[in-house]
Every structure is written in C-alpha cells, then in structure tokens.
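[1] with the input below, show me the fold.
(one chain, ligands or ions: 1)
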Amino acid sequence: MKIVKTVDEIRAIVKAWKKEGLSVGLVPTMGYLHEGHKSLIVRASKENDRVVVSDFVNPTQFGPNEDFESYPRDIDADAVLAQDAGASVIFNPEADEMYQDALTFIDMNKITKVLCGKTRPIHFSGVCTVVGKLFNIVAPDRAYFGQKDAQQLCVIKKMVKDLNFDIEIVGCPIIREEDGLAKSSRNTYLNKEERQAALCLSKSLCEGKKLIENGETSTEKVVNRIKGIIESEPLARIDYVEIVDWNNLEAIDTVKTPLLCAMAVYIGKTRLIDNFIME
Ligand code: AMP
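    Predicted coordinates for the structure are as follows:
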C-alpha cells in the first residue's frame, strides 16, 4: 500500500487514473482505523475503480483543550487495514503540507452552531476547511462519511450543495462493537470500568428509539428517558442529548421523521458521541 505524503504526488496519481477513465472514491479519516472506517473503504471500493483514504489528524478541528496531541496514530496498521478493505492509496500529509500560513477557512452558519458545535465552536470550520481542501486535492467522484458523525455528514452535504462541489456524498451506517458501543478511535482512551460505563450511550439510545416506535410523540419525554438512563451511570456526564429535524438540525418538540437523536457524553475525560436516525 503506497503512503503518499505530498499534495503534488496524490494529484499526479489521481490525474493518471482519470486519464484512464477510472472513477475515484475518497474516504476522509483521522487514522487509527477500525471496522467503522473499514466499512466506508469497502463500500467505496465497491462503487469506485480506485479509492483514496486520507489519514490526517487535522489540527484545525481541535479546540485548545482538546486531544489533538494525544489522538492515537498508527500509520503502519492503517496501511494494512486500508489495503485489506480495498483502498488503492493512503494520503497521509504532515500538517505543514496542508497548511502554510493559511488565511482562508470555510465557515458555515446555523447547523454548525448546534449539537456538537455548542461545545466545540471551531470544530466544524476546521472540518469543512480540511474536507474542502481534500475535495480540491483529490477531486473524487464520491466521498464516504459515517453516520456515526451525523452532524458532520449533514454539514458536509450542505457545504457540497452550497459551494457546488461536483462530488456525491455517501452516508454509511454506524458500525458497533458486539455489545453496542459505537466503534471509535477514542474508545482506546477508556479503561475497563469506563468501557463498561460507555454502554449507557447505545443502551439509552435503544430505549429512546423503542419509546418512539411504541408511539411516544413528545421529544422531551424521549430525551428525558435517555438522560435518566445516562445519569444513573456514575462515570457518565452528559454534554447534550437532543432530538432534531435530520434535514436542518433544528430542534423539534413533536416526533416527526426524518429525525436525528444525537448525544455527546463524557465517560471520565473521554467525550463520546452516538446517535440514531429515523428516516
Ligand atoms: P474519524 O477518523 O473518526 O474522523 O472518522 C472518519 C470517518 O469514519 C468519518 O466519516 C466517521 O463518521 C466514520 N466513522 C468513524 N467511526 C465509525 C463507525 N463506528 N461506523 C461508521 N463510520 C464511522
């Protein structure tokens, strides 16, 4: 598996593929790849002739007190997983290859200010900027994002529409551990007790979903039920639990589809996210 470090080289590789008439899929990641990332790469390799996996811990999407420095990294293991999943190449630039005294950033209103945007005010500007740059560097036909980061998926779809990127955005389902915990590179931060406590995210979401399926129409009641389950876990601290319209991330009082029920919960010092979408 070739690991490409420069913008010029990845551009040359993609150009050569396009000359041959091959289609290109892009899977943007921050590395430390797991089965969740793998599902995106497998899907991309089914739907495209060639697949670029970007593997870049993007500094501009981390706040000053967040985990940029400690974020896990293992490019050799990533190369093995990406190859198994059907990737053609990994793009793994250093930060100064991506940013040299940059003055230009992509910013978005409204949907980046709610949910995770409240606690992470610069996060989505960093995400949009790096994804926009990756779209310009790789110029893929399709790009693959997990519903695990549902708000990110919504934001990227809107950015592509607003800025006329000629790229199809493909959303992929959440991959979970056998006991329900959504796979995440950040799960490696959890000790044994925290790993057990983290089950309150998926368990409470399951209960919330059941309530709706059984006819509950008040989003407040569903959210309160979910919060109650999480609050009974001593190692958990809620950042937010909300039910919003999946089209525009606006809060809704009454259950109506499509909806997104999303949460961020601290387990010890680790901030985990999870959600379900009802179409
Ligand atoms: P990350 O490396 O965490 O930035 O994630 C890169 C991409 O993989 C994003 O589109 C995520 O939504 C997606 N992803 C991460 N974890 C999962 C998961 N458990 N299931 C599905 N997709 C995931």
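[2] wasn't Ile10 part of a helix?
    Yes. Ile10: assigned to a helix according to DSSP: H, G, I helix; E, B strand; the rest coil.
[3] that one: neighbouring residues, count only.
    Neighbour count of Ile10, defined by other CB atoms under 10 Å: 22. For the C-beta atoms, the positions are set from N, CA and C on the backbone; glycine is no exception.
[4] that one touches Ile90, doesn't it?
    No. Counting by CB atoms under 8 Å, Ile10 stays clear of Ile90, with 9.5 Å between them.
[5] shared neighbours, these two?
    Contact with both Ile10 and Ile90 is made by residues 4, 52, according to CB atoms under 8 Å, 6 or more residues apart in numbering.
[6] Lys203 and the ligand, how far apart?
    Lys203 sits at a distance of 16 Å from the ligand (criterion: CB to the nearest ligand atom, to the nearest Å).
[7] is that residue in a helix, a strand, or coil?
    Three-state assignment for Lys203 (three-state DSSP): helix.
[8] pretty sure it contacts Ile229?
    Yes. At 6.4 Å, Lys203 counts as touching Ile229 under the criterion of CB under 8 Å.
[9] and Glu35, how far from Lys183?
    Counting by CB to CB, to the nearest Å, the gap from Glu35 to Lys183 is 5 Å.
[10] between the two, tell me which one has more neighbours.
    Between Glu35 and Lys183, counting by other CB under 10 Å, Lys183 is the more crowded of the two (18 against 13).
[11] skipping adjacent residues, who's closest to the more buried one in space?
    Excluding the flanking residues, the one nearest Lys183 by CB to CB, 6 or more residues apart in numbering is Gly36, at 4.1 Å.
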